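Novice: give the three-dimensional model of this entry:
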Amino acid sequence: MEQLDFGMIGGEEERQSDDFEHKKAVAADKPLAARMRPRTLEEYVGQQHLLAPGKLLRRAIDADRFSSIILSGPPGTGKTSLAELIALRTDSEFVRLSGVTSTVADLRKEISRAVMRKQLNGRRTIVFVDELHRFSKSQQDSLLPDVENGNIRLIGATTHNPQFYIVGALLSRSLAFRLEPLGGDDIRILLIRTLSDSRGLGGKNIEVKDEALDFYCMACEGDARRALMALELAALTTEPDDKGTIAIGLREAEDSIQRKFIVYGDDGHYDTASAFIKSMRGSDPDAAVYWLAKMLHAGEDIRFIARRIVIFASEDIGNADPRAISVAVAAMQAIDMIGMPEARIILAQAVTYCATAPKSNASYVAVSEALEDVEGERVQPVPVHLRDPNSNGTREARKDSEGYKYPHQYDGHFVAQEYMGVPKVYYRPGALGYEDKIRQRLAIWRNAGTIPPEERSSHE
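Specialist: Coordinates of the predicted model:
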């Protein structure tokens with residue numbers, strides 16, 4: 001009997017040893033980025049605007065006082081790692097779900113387990129939903145009751161703007177934080193740590209030259225995962241030298257990174273388009289061409305770019321240079337006939353023309369103010385002398401009113417008469433480019449009596 005017990009004990013020890021070796025083998029097979037996940041908040045690299053002592057997120061974690069957190073930001077900035085560390089720091093069970101593959105049934109199952117876990121041992125559960133924006137509105141809504149009553153603590157991660165992709169009810173119950181791309185110094189710290197850490201490449205006789213580190217810090221654009229993947233590929237594919245050292249220089253570093261794909265997405269689309277327009281508005285052709293190049297490299301629809309230039313030509317240049325709209329429309333028509341890659345030249349010509357043209361938003365302001373008056377005030381009736389002369393009502397009303405004056409019958413093809421019925425000035429041309437001539441011309445016409453002097457002085 002005792003021999004049987006010893007045998008059972010020995011077998012159990014052997015199984016535990018095998019299980020331990022299996023776990024070690026599985027861990028060793030994980031990608032470098034997974035192996036190098038930080039184990040403590042102190043190991044976590046970057047995001048000091050959120051995690052430095054005294055910052056709101058750090059205070060919420062240290063005080064263990066939160067119900068729901070939404071983490072947004074580009075890939076490779078540490079959203080998943082941070083969620084795991086929050087669970088570890090607050091001694092919570094960590095359950096990971098995917099916004100792509102998880103269903104409402106998966107959610108309900110994990111919430112039921114969380115309730116049971118809390119009842120049995122008082123341990124709370126953090127449900128981490130990666131790519132939360134991929135959950136439908138109903139799926140997001142299904143989280144609300146259990147977040148409110150404390151059955152679970154939710155941490156959602158998204159690469160999109162939460163204001164557009166997370167339902168308002170859930171967002172209002174959450175602390176929302178944006179993670180930024182890691183700085184070059186942060187990437188360098190992470191790579192150097194990886195070279196010495198036993199979980200990473202420590203003990204493998206790898207030497208990474210400064211020029212290679214500089215390249216990774218620049219080329220990976222704040223994406224820690226991409227930097228680690230590139231370093232691992234370089235380490236695995238570089239032949240050791242005569243001394244057995246794997247030396248990674250600039251050439252090896254460049255070979256380990258594929259052609260750069262710009263992280264674009266919906267936020268990138270709108271943010272880059274905004275920077276593009278604002279650079280043209282700011283009369284900076286260099287910046288405008290740079291953002292144009294980024295959009296083209298990311299595969300942006302060239303017709304979208306062309307439409308934005310046409311709108312800009314009217315909204316921000318207007319009559320300061322009336323040729324701008326012609327250049328923009330011609331470019332929009334030409335790119336449809338030419339296509340890429342030559343369309344980039346046509347777009348660049350239109351962009352540089354618009355960026356360096358004199359600016360005026362007077363036309364845009366004029367129609368905006370007029371629309372406000374039409375929508376917010378009593379709509380003005382058409383003056384009798386401007387109405388269609390063939391309608392019965394006009395013929396009857398004209399008996400007691402002064403008739404329409406035909407401008408071409410007067411000197412300068414102009415005659416002062418009322419055209420709106422109220423003394424309003426919407427179009428106020430600026431003093432740049434061709435619009436200065438329009439401003440001078442309008443001053444003469446307006447002073448001729450179209451607008452009473454007492455009204456003109458407050459608008460000119």
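
Novice: low-confidence regions, the stretch 151-300 of the chain specifically.
Specialist: Along the stretch 151-300 of the chain, the parts satisfying pLDDT under 70 run over 258-267.

Novice: all strands of it, in order?
Specialist: Counting by DSSP state E, counting those that start in this stretch, the stretch 151-300 of the chain has these strands, from start to end: 153-158, 175-178, 206-208, 246-248.

Novice: looking at those, which is nearest to Val365?
Specialist: strand 175-178 (33.1 Å; Cβ to Cβ). C-beta coordinates here come from the backbone N, C-alpha and C atoms, glycine included.

Novice: buried sites along whatever helix or strand Met116 lives in?
Specialist: Using DSSP states H and E, Met116 maps to helix 104-121. Buried residues in helix 104-121, counted by 16 or more other Cβ atoms under 10 Å: Leu107, Glu110, Ile111, Ala114, Val115, Arg117, Lys118.

Novice: show me what secondary structure element comes after that helix.
Specialist: strand 125-130.

Novice: thought Asp197 was touching Met36?
Specialist: Yes. Counting by Cβ atoms under 8 Å, Asp197 does reach Met36; the two are 6.8 Å apart.

Novice: of those two, which one has the most company?
Specialist: Met36 (25 against 14; other Cβ atoms under 10 Å).

Novice: tell me the phi and psi of that one?
Specialist: Backbone torsions of Met36, given as degrees, to the nearest 10, read phi -100, psi 20.

Novice: that one and Ser198 touch, don't they?
Specialist: No. Contact criterion Cβ under 8 Å: Met36 and Ser198 do not qualify, at 10.8 Å.

Novice: Val167: how many residues sit nearby?
Specialist: Should you count by other Cβ under 10 Å, Val167 turns out to have 17 residues around it.

Novice: domains for the protein, by residue range?
Specialist: What automatic domain parsing lists as the domains of the chain is 2-27, 48-178, 184-255, 265-356, 382-459.

Novice: those domains: which one's closest to Ala370?
Specialist: Of the domains of the chain, nearest to Ala370 by Cβ to Cβ is domain 382-459, at 5.0 Å.

Novice: what pLDDT, on average, does that closest one get?
Specialist: Domain 382-459 carries an average pLDDT of 71.

Novice: quick one on the thing from earlier: single out the most deeply packed of the strands of the stretch 151-300 of the chain.
Specialist: strand 153-158 (a mean of 25; mean count of other Cβ atoms under 10 Å).

Novice: paired strands for that one, with orientation please.
Specialist: For strand 153-158, the pairing partners within the sheet under DSSP bridges are strand 68-72 (parallel), strand 125-130 (parallel).

Novice: now the ones you listed in CSV, with distance to Thr158?
Specialist: Shown next, in CSV, are these (distance: least, Cβ to Cβ, whole Å):
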stretch, distance to Thr158
strand 68-72, 5
strand 125-130, 9
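
Novice: looking at those strands, which is nearest to Ser363?
Specialist: Comparing the strands paired with strand 153-158 by Cβ to Cβ, strand 68-72 comes nearest, at 37.3 Å.

Novice: heading C-terminal from that closest one, find the next helix or strand.
Specialist: helix 79-89.

Novice: quick check: angle from that following helix to strand 68-72?
Specialist: With axes from the mean of the first three to the mean of the last three Cα atoms, to 10 degrees defining the directions, helix 79-89 sits at 150 degrees from strand 68-72.

Novice: and the very next helix or strand once past helix 79-89, what's buried?
Specialist: Next helix or strand after helix 79-89 toward the C-terminus (DSSP H and E): strand 93-98. For strand 93-98, the neighbour count (16+ other Cβ under 10 Å) marks Glu93, Phe94, Val95, Arg96, Leu97 as buried.

Novice: just stretch 295-306 next, same as before
Specialist: Met295, Leu296, Glu300, Ile302, Ile305, Ala306.

Novice: ok, now stretch 48-55?
Specialist: Leu50, Leu51.

Novice: what of stretch 354-373?
Specialist: Buried, per 16+ other Cβ under 10 Å, within stretch 354-373: Cys354, Ala355, Ala357, Pro358, Lys359, Ser360, Asn361, Ala362, Ser363, Ala366.

Novice: elements contacting the one helix or strand the first one maps to?
Specialist: Going back to what we said before, that points to Cys354. Per DSSP H and E: Cys354 is located in helix 343-356. Where contact means 3 or more Cβ pairs under 8 Å, 6 or more residues apart in numbering; DSSP states H and E, helix 343-356 is packed against helix 265-281, helix 285-297, helix 302-312, helix 323-338.

Novice: of the buried residues of stretch 354-373, which belong to helices?
Specialist: Residues of the buried residues of stretch 354-373 located in helices (DSSP state H): Cys354, Ala355, Ala362, Ser363, Ala366.

Novice: just send these back as CSV, with pLDDT and distance to Thr77 too.
Specialist: Shown next, in CSV, are these (pLDDT from 0 to 100; distance: Cβ to Cβ, whole Å):
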residue, pLDDT, distance to Thr77
Cys354, 94, 34
Ala355, 92, 32
Ala362, 89, 43
Ser363, 90, 42
Ala366, 88, 44
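
Novice: so of the residues you listed, which two are at opposite extremes in space?
Specialist: Ala355 and Ala366 (23.2 Å).

Novice: who's in contact with Ala253?
Specialist: With contacts defined as Cβ atoms under 8 Å, 6 or more residues apart in numbering, Ala253 is in contact with Val208, Glu211, Ala212, Phe215, Tyr216, Ala219, Ala230, Ala234.

Novice: chain neighbours aside, what residue packs nearest to it?
Specialist: Leaving aside its chain neighbours, Ala253 sits nearest to Ala212 (3.9 Å; criterion: Cβ to Cβ, 6 or more residues apart in numbering).

Novice: before we move on, what about Glu110?
Specialist: Distance criterion Cβ to Cβ, 6+ apart; nearest residue to Glu110, sequence neighbours excluded, is Val95 at 5.1 Å.

Novice: and if you look at Leu85?
Specialist: With Cβ to Cβ, 6+ apart, the residue lying closest to Leu85 is Leu41, at 5.3 Å.
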